[in-house]
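Trainee: my questions concern the predicted model and sequence given below.
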2 protein chains.
Amino acid sequence: MHEHLIKQISYFIQLSAEEKEWITEKFVPREYKKGDYFLREGQVCREIGFIYSGLVRYVVIKENGEEMTVDFDKEMFYTGNYASLLDKSPSGTSIQCIEPTTLLVISYDDLQDFYTHIAEGQKFGRMICEVLYVKAIKKVHSLYSKQPEQRYLHFLDTYADLVPRLPQYYISSFVGVQPPSLSRIRKRLSK
Amino acid sequence: MHEHLIKQISYFIQLSAEEKEWITEKFVPREYKKGDYFLREGQVCREIGFIYSGLVRYVVIKENGEEMTVDFDKEMFYTGNYASLLDKSPSGTSIQCIEPTTLLVISYDDLQDFYTHIAEGQKFGRMICEVLYVKAIKKVHSLYSKQPEQRYLHFLDTYADLVPRLPQYYISSFVGVQPPSLSRIRKRLSK
């Protein structure tokens, strides 16, 4: 199970045998059923999970109580609320497993040790944060400037393999429209 | 001039005398007049600027040609398009100086050297990227779930000192409404 995690980290940095062992010890497997929450809105996020298998969605609740699905993460990437983790503030987001999901979980303290114990730990932290940041800032610009149809096309580009794994109403929420509007967009595009 | 930059970096990491000299050599001062662009949409971003003095806005153009002001950065922080810098892709954003602005500019290559030449360079890169990421992801969630009035209140919280430095139509664009709607929100809140 940990070999997937070690492979993911090794995309970015070199790991010694001792470091691989350290990682295997610190990232603890945890199972979630479909529908379980890794984090609920209002809780402080105290750990980060590497998704060994499964799929999570990020949920924010609007003032009127409506749930919005704002992002997804799947196997071979990480999940957690970094903002809440860093400043120990209550999370504004829930993270729900929308398939049976296996995570390898590391605590905040062990993550800080990772940065110093692993020779290239800081470099890994920088590079993975760059990936997260670029994804987030592109999303900001898209929400400001793109029409729902363009956002849907971008969704298809980025998350093509997720389409059969997601209910339509998660996709319409992510695109920022009501489900009937997404149906109209899909009909228009299929012509 | 470089003492401001060194102070900013020293919030995060320790710098030796030799490292301070290296930084002073690599970050080159450049002056911009009000209205000048640091980066234009379609260009590849090849450098990052530390804002010694002044103020920049980030601009995206909608399909209908309308300009949207999507963010600001001011003195004692950085500017650039990290997504474009990292993958050498054309920038989807313009960066315009909206006051006379002095930047200390470092090239992509020198920035990579920074990470390796400075003992705690990777740590600095990680921590500054965390700041950027947390800001971006909070913005994503706000655009999905908050009403314009809440976004305006958040703007006032975050950018209180910028209010007298910004034209109203930049603020309304940032909040995501037309200028008359912002006027109505301000009237309602002033009651």
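Mentor: Yep, that arrived.
Trainee: for the residue nearest the centre of chain A, give the beta-bridge partners.
Mentor: Geometric centre of chain A, nearest residue: A:Asp73, 3.5 Å, by Cα atoms, centre = their mean. Beta bridges link A:Asp73 to A:Val56 when assigned by DSSP bridges.
Trainee: check contacts around it.
Mentor: A:Asp73 makes contact with A:51, A:55-56, A:58, A:79, according to Cβ atoms under 8 Å, 6 or more residues apart in numbering or on different chains. Placement of C-beta: from N, CA and C, glycine included.
Trainee: would you mind measuring the gap between the ends of stretch A:114-126?
Mentor: Chord length of stretch A:114-126, first to last residue, is 13 Å (Cα to Cα, to the nearest Å).
Trainee: for that stretch, buried residues please.
Mentor: By 16 or more other Cβ atoms under 10 Å in any protein chain shown, the buried positions in stretch A:114-126 come out as A:114-115, A:118, A:120-126.
Trainee: quick one: which of the residues you listed sit in helices?
Mentor: Assigned to helices by DSSP state H, the following of the buried residues of stretch A:114-126 qualify: A:114-115, A:121-126.
Trainee: tell me the pLDDT of the residue nearest to the centre of chain A.
Mentor: Listed pLDDT for A:Asp73 reads 95.
Trainee: ditto for A:Asp113
Mentor: Reported pLDDT for A:Asp113: 96.
Trainee: next one: the most far-flung residue of chain A relative to its centre from A:Ile185, what distance?
Mentor: Each residue of chain A has a distance to the centre, and by Cα atoms, centre = their mean the biggest one is for A:Lys191: 32.9 Å. Separation of A:Lys191 from A:Ile185 (Cβ to Cβ, to the nearest Å): 11 Å.
Trainee: next: A:Gln122.
Mentor: Computed as Cβ to Cβ, the A:Gln122 to A:Ile185 distance reads 43 Å.
Trainee: go on, A:Gly49?
Mentor: Distance from A:Gly49 to A:Ile185, by Cβ to Cβ: 33 Å.
Trainee: neighbour-wise, which of these two wins?
Mentor: Taking other Cβ atoms under 10 Å in any protein chain shown, A:Gly49 and A:Ile185 do not tie; A:Gly49 has more neighbours (26 against 20).
Trainee: for the more buried one, helix, strand, or coil?
Mentor: The three-state assignment at A:Gly49 reads strand, by DSSP: H, G, I helix; E, B strand; the rest coil.
Trainee: just checking, it touches A:Val105?
Mentor: Yes: in this structure, A:Gly49 is within contact of A:Val105 by Cβ atoms under 8 Å, at 4.9 Å.
Trainee: show me the contacts for A:Val134.
Mentor: By Cβ under 8 Å, 6+ apart, the contact set of A:Val134 is B:82-83, B:86-87.
Trainee: which bits of chain A sit near chain B?
Mentor: A:60-63, A:68, A:70-71, A:82-83, A:86-87, A:92-93, A:115, A:120, A:122-123, A:125-126, A:129-130, A:132-134, A:136-141, A:143-147, A:150, A:176 (Cβ under 8 Å from any Cβ of the partner chain).
Trainee: in PyMOL, how would I select the buried members of those residues?
Mentor: Buried members of the residues of chain A next to chain B, defined by 16+ other Cβ under 10 Å, are picked up in PyMOL with:
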select buried, chain A and resi 60+68+70+71+82+83+92+93+115+120+122+123+125+126+129+130+132+133+134+136+137+138+139+140+141+143+144+145+146+147+176
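Trainee: residue ranges for the helices of chain A, please.
Mentor: For chain A, the helices defined by DSSP H occupy A:2-10, A:17-26, A:82-87, A:108-117, A:121-145, A:148-159, A:168-175, A:179-190.
Trainee: want to try JSON lines for the ones you listed, with distance to B:Arg30 as columns?
Mentor: Output for those, formatted as JSON lines (distance: least, Cβ to Cβ, whole Å):
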{"stretch": "helix A:2-10", "distance to B:Arg30": "38"}
{"stretch": "helix A:17-26", "distance to B:Arg30": "41"}
{"stretch": "helix A:82-87", "distance to B:Arg30": "32"}
{"stretch": "helix A:108-117", "distance to B:Arg30": "33"}
{"stretch": "helix A:121-145", "distance to B:Arg30": "23"}
{"stretch": "helix A:148-159", "distance to B:Arg30": "34"}
{"stretch": "helix A:168-175", "distance to B:Arg30": "40"}
{"stretch": "helix A:179-190", "distance to B:Arg30": "44"}
